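Undergrad: could you look at this predicted model? Sequence included:
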Amino acid sequence: METGPTGLATHEAEARLLIYGPNRLPTQASKPLLWVFLANFTHLMALLLWVGGIIGFIAQMPQLAIAIWAVNLINGLFSFWQEFRAERAAAALRALLPAQARVLRDGVVQEVPRETLVPGDLLVLAEGDLIAADGRLIEAAELRVDQATLTGESRPVPKHCEAYAETTSERAALPNLVFTGTTVVAGTAKALVFATGARSAFGQIAQLTEGIAETPSPLQQELAQLTRVVTVIAVSMGVIFFVLAVGVARVNLAESLIFAMGMIVAFVPEGLLPTVTLALAIGVQRMARRNALVKRLSAVETLGCTEVICTDKTGTLTQNAMTVRQIWAAGRMFEVQGGGYAPVGAIVVDGQPVAHDDDLTALLRAAALCNDARLLAPNGEYDWTILGDPTEAALLVAARKAGLDLEAELQHAPRIHEIPFESRRKMMSSIHQPGQRVVYVKGAPNEVLAHCVALRMNGALRPLDAALLDEMTTIKDGLARSGLRVLGVAQRDLASNCDLSSAAAIEADLTFLGLIAMYDPPRPEVAAAVAQCHQAGIRIIMITGDDGLTATTIAQRLHIVASPQPRMISGSELAQLDERALADALQDEVVFARVAPEQKLRIVNALQQLGKVVAVTGDGVNDAPALKQADIGVAMGRSGTDVARESADMILTDDNFATIVHAIEEGRAVYANIRKFVSYIFTSNVPEAVPFVLFALTGGRIPLALTVMQILAIDLGTDMVPALGLGAERPEPGLMARPPRRRSDHIISRGLLVRALAFLGMIQGAVAMLVFFSIYWSQGYAGQWLDLPADGHIYQVATTATLAAIVATQIGNLFAQRTERASILAINPFTNRLIWIGIGIEILLIFAISYVPWLQWIFGTAALPASSWLLLLACVPVLLIADEIRKAVGRA
Ligand code: ATP
């Protein structure tokens, strides 16, 4: 492949990219845009409208016909635009999702976009990586690969780099090849890429569809269902109206038909679904700005009802910026001074700086050699920085502080083999050969001690008896109780014939060297986020791989648990609990520590059995089942593995717990906003329906206070932009002071219907009708309710005034809807620009409809007298005031 141990040169990789093309799998073309566009004009409702227009022409009502067609056109364009924007937002988000691969180029390990991999690249693989190209292994340590995507076999297969005589035609079965689309379950490796993109084994068998079709979210399903119900109601109303008009009021047949149709059009909320989709998409975009990438629209809704967050500790609640604070070796407790990754600071014992200490040096040498991190010196731009795992980097810093020359140590004792760290084992071993083979081991103290037989004391070995073990445990507990993360370190000389492929043989009969305790400061935002969760009725359960005492101390410091003695359940104890006992334990405050990732799944299941909506965080391969099972799987964008990110619903680009809480708040806000605009739109349906009901009830003796065209002007004209504005509202105050909504709650709740239809809608209907009658009364029909003229100029003025009254009251309603419970005075009126634009458009439209002659012709309107405008001005605050009173009563 014309490459070498330092990988390709960057310019060579670029040149090869031009030859081989991007490393992309062939994808099925998505639906053509034109098709999507046309779909908005050919659904049942739209077809009905096209036919309606034709009937209008036949019935010689061209203005109505043209208007219905125009409405259909505008509506279709609007839906398409919303769909298009939602899709664009989703695409932009997909581009944000990390799709990187680690390669060795120019002798340096670097992250590059997966698409730029070329044959000849050296892929660097670690646990949890998605393999992005086909490669031949050239190094492998304990590598196990999940090839289910390729072979359907879900058991991980071991892989190694030795040459292999091919006796099988099944490529996937070859143990020294790795393939695109498969994942590293354990171990580390280097692989030489030999095929990319369509030439990879996966590319040849699979025509992958990009982004599996998204199933509609529960909310979208509910609204689709609602639209159907309302359609049935509207059609029935239309039919009743038609029968009444023809049978009782003796209106001509074609005219009645078209009126009935107009009514149906007016009441069916065909714009609702695209608006909801857009509101969800806007929510997703907002979350992305707050570092939470949501992969499915439906996750936005689920976030809003999250009741429990199961979170890990390191890196999510804490900064994962480790500094060694204390070291215990050979009976002495050393204090390490200095902070951050700069290797400056003294090591002190009993207040005295230590110049040199053999036991300490042996301990730190082992910790520094059993290590994959790198410490980078300042380069003008950055201060001291690290590459790799912060826990390991902290050990390097401490070793430097003790005066060890890391490069020289590694040169003197090069690594010949390793057993990589795994969360399940909680240990890592590294074998070196300075002459004699030596294994250095580090890991969770109890795990390491379990493999030890002796303790190094002042250069000599002491057998590790029960008393000594007790003493070690007490020291470790003391360090852990102060919130420090504690590692144990050990070593052993290996016989030259020791079997390097057997972890059991290597990690046996070790000599314990000591304990290293490091501090990992909590993230500053977390305490506030935790408080916010508690206020919002959301429970937080810490599930960590770290020590129980460390975990409990951190949980207490962050006020995740309130009790001074919360229950701590360790992984081994958890394994003993049956389902009942676990369910009982979950009723109270509890911290899970030293938990194997697989056990997270059990905890998530148990919480779900209790009926909870659960969010769970994870970053490793073994977290994948829990992430999939959870209602909201949350993966870490920075420290997480590809596997975790693939299984998650949401990815935190900053790995921060507080971001989950922000996302929950946004999720609640999106839901609330959808309720707001649904409520807003529903309100005006009442005054639109009232004239028809009165007309029908009185057998036509109360003339229709609104024409069908005027109804359309509200539904598809004046109400549109303000409704969108409500969809873009910020979270209302107090949103996070309420318990989560239940998942079974419907968005169109009884409360919403009562408020919109029975309360606000009825008031609006009454106001509109009063304005209608007031026009007649001011023109010589004082006090008369029935048998008013149903045509002519006065009728036109009266209906125009009714229309204007609805628009005016909707302005007040717009502000009323901005909050559901809080007083409108509690929010800044100027935060939402779209609302003001909406009002501007509303006023402009209503003036245009009353005064522009050709619009008068279309809508059957007439210019309003100046005195009416005063009356209309008084209509504006009516709904706002009424709703403020309702809110105040509700709060009291
Ligand atoms: P959390 O689950 O909250 O992220 P964690 O980082 O402690 O916590 P793991 O990464 O599963 O969880 O680590 C488990 C334990 O293994 C640690 O508490 C530590 O004792 C040990 N450990 C962590 N990193 C290493 C490492 N690089 N080498 C050896 N041991 C390690």
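TA: That came in fine, so what should we check first?
Undergrad: give the buried residues for stretch 822-839.
TA: For stretch 822-839, the neighbour count (16 or more other C-beta atoms under 10 Å) marks 822, 824, 827, 832, 834, 835, 838, 839 as buried. In short, each C-beta sits where N, CA and C put it, glycine included.
Undergrad: for the second one, which non-adjacent residue is closest in space?
TA: Nearest non-adjacent residue to residue 824, counting by C-beta to C-beta, 6 or more residues apart in numbering: residue 815, 5.5 Å away.
Undergrad: got the phi and psi for the residue in the chain sticking out farthest from the centre?
TA: Ranked by distance from the centre of the chain (C-alpha atoms, centre = their mean), the top residue is residue 780, with 63.3 Å. Backbone torsions of residue 780, given as degrees, to the nearest 10, read phi 100, psi 10.
Undergrad: enumerate every residue touching the residue of the chain found nearest the ligand.
TA: Residue nearest to the ligand within the chain: residue 545 (2.6 Å; C-beta to the nearest ligand atom). Counting by C-beta atoms under 8 Å, 6 or more residues apart in numbering, residue 545 touches 312, 314, 423, 426, 593, 594, 595, 596, 597.
Undergrad: just give me the neighbour total for the closest residue to residue 416 other than its chain neighbours.
TA: What sits nearest to residue 416 in space, not counting adjacent residues and going by C-beta to C-beta, 6+ apart, is residue 433, at 5.0 Å. Neighbours of residue 433 under the rule other C-beta atoms under 10 Å: 14.
Undergrad: who's in contact with the nearest residue to residue 338 once chain neighbours are set aside?
TA: Nearest residue to residue 338, sequence neighbours excluded (C-beta to C-beta, 6+ apart): residue 345, at 2.1 Å. Contacts for residue 345 were tallied using C-beta under 8 Å, 6+ apart; they are 336, 337, 338, 339, 401.
Undergrad: now, of the residues you listed, which are buried?
TA: 336, 338, 401.
Undergrad: coming back round to it: so the residue nearest to residue 416 sits against residue 412, correct?
TA: No - between residue 433 and residue 412 there is no contact under C-beta atoms under 8 Å: 10.1 Å.
Undergrad: can you give me the buried ones in the helix or strand where residue 34 lies?
TA: Residue 34 is part of helix 33-42 when elements are defined by DSSP states H and E. Buried residues in helix 33-42, counted by 16+ other C-beta under 10 Å: 40, 41.
Undergrad: so after it, what's the next helix or strand?
TA: Counting by DSSP H and E, what follows helix 33-42 is helix 44-58.
Undergrad: between helix 33-42 and that next one, find me the angle.
TA: Relative orientation of helix 44-58 and helix 33-42, computed by axes from the mean of the first three to the mean of the last three C-alpha atoms, to 10 degrees: 60 degrees.
Undergrad: and the contacts of helix 44-58?
TA: By C-beta under 8 Å, 6+ apart, helix 44-58 touches 40, 62, 64-66, 68-69, 71-72, 75-76, 231, 254, 257-258, 261-262, 264-265, 268, 270.
Undergrad: then stretch 884-892?
TA: Residues contacting stretch 884-892 (C-beta under 8 Å, 6+ apart): 755, 759, 816, 819, 821, 822, 823, 824.
Undergrad: and the residue nearest to the first one when sequence neighbours are not counted, what is it in contact with?
TA: To tie it back to what came earlier, the one meant is residue 755. Residue nearest to residue 755 in three dimensions, not counting chain neighbours: residue 679, with 6.4 Å by C-beta to C-beta, 6+ apart. By C-beta under 8 Å, 6+ apart, the contact list for residue 679 reads 752, 755, 756, 760, 817.
Undergrad: low-confidence regions, this structure specifically.
TA: Residues of the chain that meet the criterion pLDDT under 70 lie in 26-30, 90, 93-98, 166-169, 204-217, 258, 262, 265-266, 270-271.
Undergrad: switch the cut-off to 50
TA: 207-213 (pLDDT under 50).
Undergrad: how does it divide into domains?
TA: Annotated domains of the chain cover 10-25+96-210, 271-291+657-892, 293-318+523-655, 327-459+480-514 [automatic domain parsing].
Undergrad: any chance of these in a markdown table, with distance to residue 226 too?
TA: Conversion of the domains of the chain to a markdown table gives the following (distance: least, C-beta to C-beta, whole Å):
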| stretch | distance to residue 226 |
| --- | --- |
| domain 10-25+96-210 | 30 |
| domain 271-291+657-892 | 6 |
| domain 293-318+523-655 | 15 |
| domain 327-459+480-514 | 46 |
